[in-house]
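Asks: please find the sequence and the predicted model below.
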Amino acid sequence: MEMATFSVSSATIIKDSLSRTSLLSTKNRKPLLPLSLCLTLKASNSTLTVASMSYDKQLAAAKNAASLAARLCQKVQKVLLQADVQSKSDKSPVTVADYGSQAVVSVVLQKELGSASFSLVAEEDSGDLRKKEGKETLRRIIELVNETLASDGTYGNAPLFEEDVLAAIDSGRSEGGPSGQHWVLDPIDGTKGFLRGDQYAIALGLLDEGKVVLGVLACPNLPLASLASHNPQDDQEKVGCLFYAQVGSGTYMQSLDGSAPIKVHVTDLDNPEEASFFESFEAAHSLHDLSSLIAKKLGVRAPPVRIDSQAKYGALSRGDGAIYLRFPHKGYREKIWDHAAGYLVVAEAGGVVSDAAGNPLDFSKGRYLDLHEGIIVTNQKLMPALLKAVKDSLNEKASSL
Ligand SMILES: Nc1ncnc2c1ncn2[C@@H]1O[C@H](COP(=O)(O)O)[C@@H](O)[C@H]1OP(=O)(O)O
Ligand SMILES: [Mg+2]
Ligand SMILES: [Mg+2]
Ligand SMILES: [Mg+2]
């Protein structure tokens, strides 16, 4: 973490009920700095000097890590073999690319930032790879990880051996929580989309004191141009987006092959009839009939845009659509790696992410998110109407049971 100091005039220091400091503009009482970023404040004449945290070094490492992991995934997606896909104990699919991506991200972050206090909360673990029947899969993963690291030039000087790769994967067993810094990784979000040749994302976030402070989303198959003008027949279309956000600094998008970043914003639409909405491609992941009821109550005219993974958060952050609805089937518990990076990418682009009751998501509770019913995402203007439509739809559904 680095410190940046800057000065502001016309500001008021407040402390909240937890004694956390915040800096508000005297003019309009809007926050000048988020709570988590205010460290020390010094008054001289009429000017306040503020020391704030900067995560620039972590952001650069995270962008490298996610881009390199995306390279590994793209390579696998092109020549996916039946032997590369396994089933986990919950019946969900996992591939050599999920494991390989997790190992690459862990290795790159530790090489860039040191391993002394490294903590990673990630989806995969090496349990199945350590079994006799996992040996061939593990051999493929080691090969892929070494090829990918070597392809970059910076990280591939010495090849990694079996125990190094297993340890890199298992570094993701951290429980996270409300104190300290923890990386949060979904090495392939949307594995089913990945297997179909559709959308998926490498989603990497950083928690500091329970708050998401960095979010990086690599979306190798997402068109660089808006999905609103997307032509699926156009095979010349450029794809491969890297979205990134640092708390307090906005959201940017660049191409995965390294174009200049552009700042992105959610749509400023205020008429729900003109909104389009995203939801899971997989009906097993989100209740399509409930989102269609919500959309009907809002007056949305466009059909749902169904795509896999946190690519939905990326697309929403640049205004491709206005709403994202996610209502998993009963009993499913959301994990923090499925939303941490996407949440910040949308929030820093001006959007709002909440549970179905309008509560903010709490990433400080460990590996799971405890939330009410589902997750809804939109801009500030549409949120009140969306919350009402969600509430009415949930009530209607409950009374029809
Ligand atoms: N039964 C389920 N219900 C909801 N989400 C699920 C379920 N099984 C897996 N997921 C996760 O949902 C996310 C993708 O949702 P979607 O693509 O529909 O937006 C992924 O994180 C996926 O895991 P994974 O990371 O293993 O792909
Ligand atoms: Mg999975
Ligand atoms: Mg996931
Ligand atoms: Mg995953």
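Replies: Received, thanks. Keep in mind that what you see is a predicted model, and the values were worked out from it rather than measured. Ligands and ions are numbered 1, 2, ... in the order given.
Asks: and E112, how far is that from ligand 2?
Replies: Using C-beta to the ion, to the nearest Å, we find E112 at a distance of 26 Å from ligand 2. Where you see a C-beta, it was placed from the backbone N, CA and C, and this is true even at glycine.
Asks: mind checking if the helix or strand harbouring that residue is in reach of ligand 4?
Replies: Assigned by DSSP states H and E, E112 belongs to helix 96-113. No - for helix 96-113 and ligand 4, the contact criterion (C-beta under 5 Å from the ion) is not met; the two come no nearer than 5.8 Å.
Asks: and whichever residue of the stretch 51-200 of the chain sits closest to ligand 3, what is it in contact with?
Replies: Closest residue of the stretch 51-200 of the chain to ligand 3, C-beta to the ion: D189 (3.7 Å). Each residue near D189 by C-beta atoms under 8 Å, 6 or more residues apart in numbering is listed here: 200-203, 309-310, 337-338.
Asks: and what of A260?
Replies: Here A260 is in contact with Q254 (C-beta under 8 Å, 6+ apart).
Asks: check which helix or strand covers it.
Replies: A260 belongs to no helix or strand, assigned by DSSP H and E.
Asks: roughly how far does it sit from ligand 1?
Replies: 29 Å (C-beta to the nearest ligand atom, to the nearest Å).
Asks: I'd like to know how far that residue sits from V145.
Replies: 30 Å (C-beta to C-beta, to the nearest Å).
Asks: where does the stretch 51-200 of the chain come near ligand 2, residue by residue?
Replies: Going by C-beta under 5 Å from the ion, the residues of the stretch 51-200 of the chain near ligand 2 are 92, 191.
Asks: tell me where the stretch 51-200 of the chain has helices.
Replies: 56-78, 96-113, 135-152, 162-170, 191-196 (DSSP state H, counting those that start in this stretch).
Asks: report the angle between the longest one and helix 135-152.
Replies: Taking axes from the mean of the first three to the mean of the last three C-alpha atoms, to 10 degrees, one finds that helix 56-78 is oriented at 120 degrees with respect to helix 135-152.
Asks: tell me which strands and helices helix 56-78 is in contact with?
Replies: helix 96-113, helix 135-152, strand 181-189, strand 201-208, strand 211-223, strand 239-246 (3 or more C-beta pairs under 8 Å, 6 or more residues apart in numbering; DSSP states H and E).
Asks: now mean pLDDT too, for the ones you listed, in CSV please.
Replies: Converted to CSV, the helices and strands packed on helix 56-78 look like this (pLDDT from 0 to 100):
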stretch, mean pLDDT
helix 96-113, 98
helix 135-152, 96
strand 181-189, 98
strand 201-208, 98
strand 211-223, 98
strand 239-246, 98
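Asks: coming back round to it: buried ones among the contacts of D189?
Replies: Buried by 16 or more other C-beta atoms under 10 Å: 200-203, 309-310, 337-338, out of those.
Asks: farthest-apart pair in those residues, please.
Replies: Across the buried ones among the contacts of D189, no pair lies farther apart than Y200 and W337, at 13.5 Å, counting by C-beta to C-beta.
Asks: A61: what's it in contact with?
Replies: Residues in contact with A61 (C-beta under 8 Å, 6+ apart) are 108-109, 112-113.
Asks: specify which member of those residues is nearest to N271.
Replies: Of the contacts of A61, the one sitting nearest to N271 (C-beta to C-beta) turns out to be L109, at 42.9 Å.
Asks: tell me how many other residues surround the closest one.
Replies: Here the number of neighbours of L109 (other C-beta atoms under 10 Å) works out to 25.
Asks: ditto for E396
Replies: 12.
Asks: quick check: it vs S354, distance?
Replies: E396 is 20 Å from S354, by C-beta to C-beta.
Asks: likewise L144?
Replies: From L144 to S354 the distance is 38 Å (C-beta to C-beta).
Asks: likewise V247?
Replies: Separation of V247 from S354 (C-beta to C-beta): 17 Å.
Asks: got the phi and psi for the residue nearest to D198 when sequence neighbours are not counted?
Replies: Leaving aside its chain neighbours, D198 sits nearest to D308 (5.6 Å; criterion: C-beta to C-beta, 6 or more residues apart in numbering). Phi and psi for D308, reported as degrees, to the nearest 10, are phi -80, psi 150.
Asks: report how many residues lie close to D308.
Replies: So D308, with other C-beta under 10 Å, has 23 neighbours.
Asks: so it touches E279, yeah?
Replies: No - judged on C-beta atoms under 8 Å, D308 makes no contact with E279 at a distance of 10.4 Å.
Asks: which one of the buried ones among the contacts of D189 is nearest to A122?
Replies: Looking across the buried ones among the contacts of D189 and measuring by C-beta to C-beta, the closest to A122 is W337, at 6.4 Å.
Asks: contacts only, for K63.
Replies: Contacts of K63 (C-beta under 8 Å, 6+ apart): 216, 242, 244.
Asks: ok, so of those residues, who is nearest F118?
Replies: Nearest to F118 among those is V216, at 16.6 Å by C-beta to C-beta.
Asks: hang on, that closest one packs against A341?
Replies: Yes - with contact defined as C-beta under 8 Å, V216 reaches A341; the gap is 5.9 Å.
Asks: those two: which is more packed in?
Replies: Ranked by neighbour count (other C-beta under 10 Å), V216 and A341 place A341 first, with 34 against 29.
Asks: count the neighbours of the closest residue to L224 other than its chain neighbours for me.
Replies: Of all residues not flanking L224 in the chain, K238 sits nearest, at 4.7 Å (C-beta to C-beta, 6+ apart). Counted with other C-beta under 10 Å, the neighbours of K238 add up to 12.
Asks: dump the residue contacts of the residue nearest to the spatial centre of the chain.
Replies: By C-alpha atoms, centre = their mean, the chain has its centre lying nearest to A341, at 2.3 Å. Under the criterion of C-beta under 8 Å, 6+ apart, the neighbours of A341 are 184, 186, 203-205, 212, 215-217, 310, 313.
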